[in-house]
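Visitor: Below is the sequence, then the predicted model.
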Amino acid sequence: MPSRPATLDATAELAPVISRKARLHVVTGKGGTGKTTVAAALALALAAGGKKVLLIEVEGRQAIAQLFDQPALPYEERRLATTPGGGSLWGLAIDAEQAMIEYLDMFYGLKRSARGLKKMGAVDFVTTLAPGLRDVLLTGKVKESVTRTESDGHHTYDAVVLDAPPTGRITRFLDATKEVASLTKIGPINRQSDGVIKVLHGSQTAVHLVTLLEEMPVQETIDAVGDLRANDFQVGAIVVNRVRPNYISDGMLGENNAVDPKAISAGLRRANLPAALAPALAAEMTEYANRLELQAENAARLDAVDIPRITLPDLNPPVELGELNELAACFFVQDAE
Amino acid sequence: MKDLDLPALVRDPNTRVIVTCGSGGVGKTTTAAAMALLGAEAGRRTVVLTIDPARRLAQSMGLTELDNTPRAVTGVGGDKLFAMMLDMKRTFDDVVLEHSTPERAEQIFANPFYQSLSSSFAGTQEYMAMEKLGQLVAANEWDLIVVDTPPSRSALDFLDAPNRLGRFLDGRMIRVITAPARAGGRTGMKVMTAGIGVFAKVFSRVLGGDLIRDLSAFVSALESMFGGFRERAQQTYELLKAPGTAFVVVAAPEPDALREASYFVERLSSEHMPLAGLILNRMHYTSVSEPFAAARAEAAADTLEAKQDPSLALTVAALRVHAEVAAAAEHDARMAKRFASAHPQVGLVSVPALTADVHDLDGLREIGQLLGGKTS
């Protein structure tokens, strides 16, 4: 039996791998591994205990709004939830087009010409076509959220969680500024890129990888860890999502994980269930045991990279708000059974 | 629910091109390979164009590198199945070579902007996949071509990308950027309206002069090809609409993947693109044939566990396992039903979740069987 997760309360302690020193948590993973859900759960966990946390998405999917059952997020920080101990979770959907207009306004006071630029296809060019420029704008805005301070000198957010592009693209995404800066050599993007690179590569940023215990996601995770480290990013945790619970103990299985139907049927009668169910239940148990074995093999493959793991249970999507809290609690130090 | 008869689609001599699309992580590439194998084993000379397949899937078809050349897959009777992996950069290089002089091509290849564009430009992969598809169709040596689409952020990018690239290369924007290079500083300012002037200024302020210079040189060098690009994008679009093309949307029984699938179905229908149907991968089933709901199994397990009798442990475990499996099956069936009732006109085939990934041709054959609706 898996140990019960701690509850989401103000005094619970974050697992050591989720360092409070990191102010930007980048969450990536292969498509279909549930990285948005994991990013949201992590953000909730970070917000427990009175912290103010911002959850950012950059892929234009409005996934945060769907998860928190809210109307589509505008290009504006909105409160998503309050957490125990007076904390709060905020959400932001960064739109490359808006980010560009904001950028032009901030640095050049050019908000007015934005409309003209749009007409000319310039916005289309920058946000969808130009190599890396889109990602430069997105990471630039992320950096701004991480470093923003209030008048009292404190950071606006205690932590920022980024629901980032998938593992296949993550290194290129995070280093877009570097790439474009090398193309421009001089100029404002080049100057600005220093700040972005410093934040993303520094000790205040941790990249977490979400995986399922399946062959392809595990392989991508291992590859991505190598890639991230080779490019000087700090890897935080591997979050193993949708882990099947183990109900089967030693001695229940025979050769090839066979289960004796007769041994099941006696129990079925005592629960007033038809004993005729036994053969199908036995077959199901064998198949389940096979899947658990495969799951364990894939978990063992992750040992190739020496990175602490956080394990999340298997919930059928869509994940409800209450379940999100349950997932968030998995980021805390677990109570021993 | 309306059924999708994939074996019939693949065997039909009128089906010449099958395009698979869907969001990432739903088994699209594997499905494309399995459909191609079905076609080949029905005696049709088939090629499957894959984009970035998982290593072991590529190995199962004998592919070892990106090389843009259809390779016969050994182990399939009579050399009927060929497979290839898209080399995006090389495809782009070929297009450039075909449309310009060797000197000019060299100039283009050496430009830093081209190097970036040909390997990382958003939409290049989509465009090049369509370019390659056009070439395969033009070669006229295939009975069936199965194309896997790039793992785009949104599956819709794939429909838009060729047009967007064509629009960009053909557009006003590019004229602005190339204006200085084309005019050679003589009449440059004359052709610029006030708006364009502001724009050019903004651009060089934001991006820096170097980039503009490289971009400008690059675009001028490419200029002779603009017409070609646009025409090709248009041709590809027409090809996708032509009789003989069939789109197959691939999804998993999860809200995100099905939402993408819905958009795709609607988009295809509004563009009058021929949709064959939906493949729902990764479906979970219970092997208990009589109705035995997850909640009831859970309750029974609780009752037996409360008796604290060690001889009942096995039955308790079996019931808990069933509750888990049945809950997943109930969830997936609900998802499938919801999609089917929203899109009653779309044929659908469900494929059970596999225990392991595909490593060899037998694995692909097994999926082919499942695509035929032969579920247990």
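Guide: All right, it came through fine.

Visitor: Name the next helix or strand downstream of the helix or strand hosting B:Ala33, please.
Guide: Using DSSP states H and E, B:Ala33 falls within helix B:28-41. Of the helices and strands lying after helix B:28-41 in sequence (DSSP H and E), the nearest is strand B:46-50.

Visitor: Just checking: what are the partner strands of that following strand?
Guide: With DSSP bridges as the test, strand B:46-50 is paired with strand B:81-85 (parallel), strand B:144-148 (parallel).

Visitor: Which strand in the chain has the most residues?
Guide: This is for chain A. Assignment by DSSP state E gives strand A:235-243 as the longest strand of chain A.

Visitor: ah, no, chain B please
Guide: Counting by DSSP E, the longest strand found in chain B is strand B:275-283.

Visitor: now the angle from it to helix B:28-41?
Guide: 120 degrees (axes from the mean of the first three to the mean of the last three C-alpha atoms, to 10 degrees).

Visitor: Show me the contact partners of strand B:275-283.
Guide: B:2, B:4, B:6, B:9, B:18, B:20, B:26-27, B:31, B:246-253, B:261, B:265, B:268-269, B:332, B:336, B:339, B:343, B:346-353, B:371 (C-beta atoms under 8 Å, 6 or more residues apart in numbering or on different chains). Every C-beta, even on glycine, is put in place using the N, C-alpha and C of the backbone.

Visitor: filter those by proximity to chain A?
Guide: B:26, B:252 (C-beta under 8 Å from any C-beta of the partner chain).

Visitor: Take the contacts of strand B:275-283 and keep only those in helices.
Guide: Using DSSP state H, the subset of the contacts of strand B:275-283 located in helices is B:6, B:9, B:31, B:261, B:265, B:268-269, B:332, B:336, B:339, B:371.

Visitor: Going through those, which ones are buried?
Guide: Among the ones in helices among the contacts of strand B:275-283, the ones that count as buried by 16 or more other C-beta atoms under 10 Å in any protein chain shown are B:6, B:9, B:31, B:261, B:265, B:268, B:332, B:336, B:339, B:371.

Visitor: picking up where we left off before, let's see the helix holding B:Ala33 as CSV, backbone CA atoms only.
Guide: Output of helix B:28-41 as CSV, limited to C-alpha atoms (Å, rounded to 0.1, in the frame of the first residue of the first chain):
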residue,chain,number,x,y,z
LYS,B,28,0.2,9.0,-34.1
THR,B,29,3.5,7.8,-35.6
THR,B,30,2.9,4.2,-34.6
THR,B,31,-0.6,4.3,-36.0
ALA,B,32,0.7,5.7,-39.3
ALA,B,33,3.2,2.9,-39.5
ALA,B,34,0.7,0.3,-38.7
MET,B,35,-1.7,1.6,-41.4
ALA,B,36,1.1,1.5,-44.0
LEU,B,37,1.9,-2.1,-43.1
LEU,B,38,-1.8,-3.0,-43.5
GLY,B,39,-1.8,-1.4,-46.9
ALA,B,40,1.4,-3.1,-47.9
GLU,B,41,0.3,-6.5,-46.7
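
Visitor: Quick one: distance of it to the chain centre.
Guide: With C-alpha atoms, centre = their mean, to the nearest Å as the basis, helix B:28-41 stands 14 Å off its chain's centre.

Visitor: Which strands and helices lie in contact with that helix?
Guide: Using 3 or more C-beta pairs under 8 Å, 6 or more residues apart in numbering or on different chains; DSSP states H and E, the elements in contact with helix B:28-41 are helix B:6-11, strand B:17-21, strand B:46-50, helix B:55-60, strand B:81-85, strand B:144-148, strand B:245-251, helix B:361-371.

Visitor: Next up, the contacts around residue 13.
Guide: This is for chain A. By C-beta under 8 Å, 6+ apart, the residues touching A:Glu13 are A:332-333.

Visitor: The chain in question should be chain B.
Guide: Residues near B:Pro13 by C-beta under 8 Å, 6+ apart: B:44, B:143.

Visitor: From the centre of chain B outward, give me the first residue you hit.
Guide: Centroid-nearest residue in chain B: B:Thr149, 1.8 Å away (criterion: C-alpha atoms, centre = their mean).

Visitor: can you tell me the average pLDDT over stretch B:133-145?
Guide: Mean per-residue pLDDT for stretch B:133-145: 92.
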